[in-house]
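In: Below are the sequence and a predicted model for it; my questions follow.
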Amino acid sequence: MKRIVRKKVKMMLLSVIVIGIVGGLSYFIYGVAQMYKINTWQNAIGKELPSKFKEILPLKRSSKGWFYITGKVGTHKRDFILDTQARSMARIEYLQSLHASHWGTYPRAVKNLYGQQEKYALYTLDNVVIADGLPLYKPLFSGITQTNALYDLLEKDLLGKDILQHFVWKFSLDHDELILFSNSDADMLREEACNYTKIENGLDEGIPLLFESVKESYKYHFDLGYEGYISINKELYEKLKKKYPQKEYLVKRNENLVDTTFMLTNVPIRINDLWIPDCKVTYRPGFDTNLLGVGFIERFNFMLGYQKGNKKIVAKEDLYLQLRRTASKSNDFVYCPSKGFDVEYSEDGAVVSFLEINGEASRKGLKIGDKVLEINHGAVCLSADSIKLGKVTLHINNCNELELKIKRNNKTVYMNI
């Protein structure tokens, strides 16, 4: 009798194991098949583009320093942020207002830079063009909900690598121009890349940065969507922090999270034959990622040299760099205004979200999380739109003196900075 019972238990256990293996294998196969379907769809986005074209456009930048391009969805004019390390995305209600069609769901949860994981709903849009009528064939966009930390950052829709790879993008900051041309036009690429330094497959494999003071080279992902300079990991930060001047910043990420970012200045770096003697690098504990952001790349004229292959949509992903000749411009990236603080809009209105420790504002008594009621007696509007458009940051950065009216612990405080 006991033998029969043991035999039944073994059979049940074996059945459970087999069912688990079959279920896991089925899920894996489904994920692979769905990813293949997504990649095949995205590879067809450029199929209606002419084999040769060249568009010269004004270079546009947002208040956060991001580069963007104007296009249309049907008759609706839209601005699209350009991001080399993300897939195309938009706020879900924006997609719905444009009558986007629900296509499916991303097969696995996607982790954003804030650690959140979410399976994105995917939507297609019809009649999408960028620049002067360059067509995108039914591009896929991830719909971002309000529970995702990326939601507040999406002041504009975003074109990711899945779309960028169908073009070559030349960003001429010296001439305030963006030049678009075909990723299959090798002659045009050779002509436009003259006098540029080529980083072989730099957009895919990373860019080698040599830190002269420690004689070590590290690879960095180039991220047009990263609002920063050069993000370094803890290992390198520990080696550099005693060699260069340092600043510290408190950053309010959300209602419950304030963290510290450390910045080192005047750090010399070499990229192939390019020498940059005075870089800014940042380290944020818990964010152990090597990234190059818009604050660094704006020091160059640069090209995203995606090149079409015979069997796959992109055969090469080269980056081309040329040191910029012009001095700083009004639309350059601002990490923190000169007064040592910045504001963001929250449910309670404008709040101090960025504060340099021992900076001018901090020394005068300003604290992270203070609610800002007025700046210079209402000289600048503190609405959500005004803050997102960068008007408040610009005002703070350009004024020699600021008079703030703030609210702290239900008390009104006046402060001169």
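Out: Perfect, I can see it now.
In: On the pLDDT front, check the nearest residue to G309 once chain neighbours are set aside for me.
Out: On the basis of Cβ to Cβ, 6 or more residues apart in numbering, the spatially nearest residue to G309 that is not a chain neighbour turns out to be A315, at 2.9 Å. (Each C-beta comes from the backbone N, C-alpha and C, glycine too.) A315 is assigned 74 on the pLDDT scale.
In: any idea how far Y137 is from A315?
Out: Distance from A315 to Y137, counting by Cβ to Cβ, to the nearest Å: 20 Å.
In: just G46 next, same as before
Out: Taking Cβ to Cβ as the measure, G46 falls 7 Å from Y137.
In: how about the longest strand along the chain: buried residues?
Out: Looking only at the chain and at elements set by DSSP state E, the strand with the highest residue count is strand 257-271. Buried residues in strand 257-271, counted by 16 or more other Cβ atoms under 10 Å: 261-264, 267, 269, 271.
In: which one of these is nearest L164?
Out: L164 has its nearest neighbour among those in I271, at 21.2 Å by Cβ to Cβ.
In: Wait, the closest one touches L209, no?
Out: Yes - with contact defined as Cβ atoms under 8 Å, I271 counts as touching L209 (6.0 Å).
In: Could you report the neighbour count for L319?
Out: 25 (other Cβ atoms under 10 Å).
In: can you give me phi and psi for the nearest residue to it once chain neighbours are set aside?
Out: Once flanking residues are discounted, L319 sits nearest to G202: 3.5 Å by Cβ to Cβ, 6+ apart. Torsion angles at G202 (phi, psi; degrees, to the nearest 10) stand at phi -60, psi -30.
In: Enumerate every residue touching G202.
Out: Contacts for G202 (Cβ atoms under 8 Å, 6 or more residues apart in numbering) come out as 222, 317-319.
In: again, only this time at 7 Å
Out: 222, 318-319 (Cβ atoms under 7 Å, 6 or more residues apart in numbering).
In: And those residues, which is closest to H175?
Out: Within the contacts of G202, the smallest distance to H175 is 19.2 Å, found for L319 (Cβ to Cβ).
In: angle of the one helix or strand the closest one maps to against strand 257-271?
Out: Assigned by DSSP states H and E, L319 belongs to strand 316-323. Going by axes from the mean of the first three to the mean of the last three Cα atoms, to 10 degrees, strand 316-323 is angled at 80 degrees with respect to strand 257-271.
In: Neighbouring strands - and their directions - for strand 316-323?
Out: Partner strands and pairing direction for strand 316-323 (DSSP bridges) are strand 197-199 (antiparallel), strand 300-307 (antiparallel).
In: Please name whichever of the ones you listed is nearest to F167.
Out: Nearest to F167 among the strands paired with strand 316-323 is strand 300-307 (6.9 Å), distances taken as Cβ to Cβ.
In: so how far is the closest one off the chain centroid?
Out: Centroid separation between strand 300-307 and its chain, computed with Cα atoms, centre = their mean, to the nearest Å, is 17 Å.
In: Grab the nearest non-local neighbour of E200.
Out: Per Cβ to Cβ, 6+ apart, closest to E200 is D318, 6.0 Å.
In: measure the one you found to G309 for me?
Out: Distance from D318 to G309, by Cβ to Cβ: 13 Å.
In: cool, and W169?
Out: The gap separating W169 from G309 is 18 Å, by Cβ to Cβ.
In: same check, this time on K367
Out: Noted for K367: a distance of 55 Å to G309, by Cβ to Cβ.
In: Pick out whichever of these two has more residues nearby.
Out: Neighbour totals were compared for K367 and G309, and K367 leads with 14 against 11 (other Cβ under 10 Å).
In: Wait, a helix at the more buried one?
Out: No - the assignment for K367 (DSSP: H, G, I helix; E, B strand; the rest coil) gives coil, which keeps it out of a helix.
In: Tell me who's in contact with it.
Out: Counting by Cβ under 7 Å, 6+ apart, K367 has contacts 352, 408.
In: next one: phi and psi at E360?
Out: The phi/psi pair for E360 (degrees, to the nearest 10) is phi -60, psi -50.
In: Now for the nearest residue to it once chain neighbours are set aside, how many residues are close by?
Out: Leaving aside its chain neighbours, E360 sits nearest to G340 (4.7 Å; criterion: Cβ to Cβ, 6+ apart). Using other Cβ under 10 Å, G340 has 22 other residues around it.
In: how far away is G340 from E401?
Out: 14 Å.
In: again, but for G228
Out: Counting by Cβ to Cβ, the gap from G228 to E401 is 29 Å.
In: which one of these two has more residues nearby?
Out: A direct count of neighbours by other Cβ under 10 Å for G228 and E401 places G228 higher, at 21 against 8.
In: Give me the pLDDT for the more buried one.
Out: With respect to pLDDT, G228 has a value of 89.
In: Is it in contact with G293, as I believe?
Out: Yes - taking contacts as Cβ atoms under 7 Å, G228 lies within contact range of G293: 4.0 Å.
In: Run the chain-centre distance for stretch 332-341.
Out: That offset, for stretch 332-341, works out to 18 Å (Cα atoms, centre = their mean).
In: buried ones in that stretch?
Out: Buried, per 16+ other Cβ under 10 Å, within stretch 332-341: 333-337, 339-341.
In: Include distance to M89, pLDDT and secondary structure when you put those residues into a markdown table, please.
Out: As requested, these are exported to a markdown table (distance: Cβ to Cβ, whole Å; pLDDT from 0 to 100; DSSP: H, G, I helix; E, B strand; the rest coil):
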| residue | distance to M89 | pLDDT | secondary structure |
| --- | --- | --- | --- |
| F333 | 22 | 79 | coil |
| V334 | 25 | 78 | coil |
| Y335 | 25 | 82 | coil |
| C336 | 27 | 82 | coil |
| P337 | 29 | 83 | coil |
| K339 | 33 | 88 | coil |
| G340 | 33 | 90 | coil |
| F341 | 30 | 89 | strand |
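In: just to revisit the earlier point, return the residues in contact with the residue nearest to E360.
Out: Counted by Cβ under 7 Å, 6+ apart, G340 has contacts 355-356, 359-362.
In: ok so, going back, tell me the helix or strand right after the longest strand of the chain.
Out: strand 274-283.
In: Quick check: which of the strands paired with strand 316-323 is buried the most?
Out: The highest average neighbour count among those, using mean count of other Cβ atoms under 10 Å, belongs to strand 300-307 at a mean of 22.
In: can I assume K54 is in contact with F181?
Out: Yes - taking contacts as Cβ under 7 Å, K54 lies within contact range of F181: 4.6 Å.
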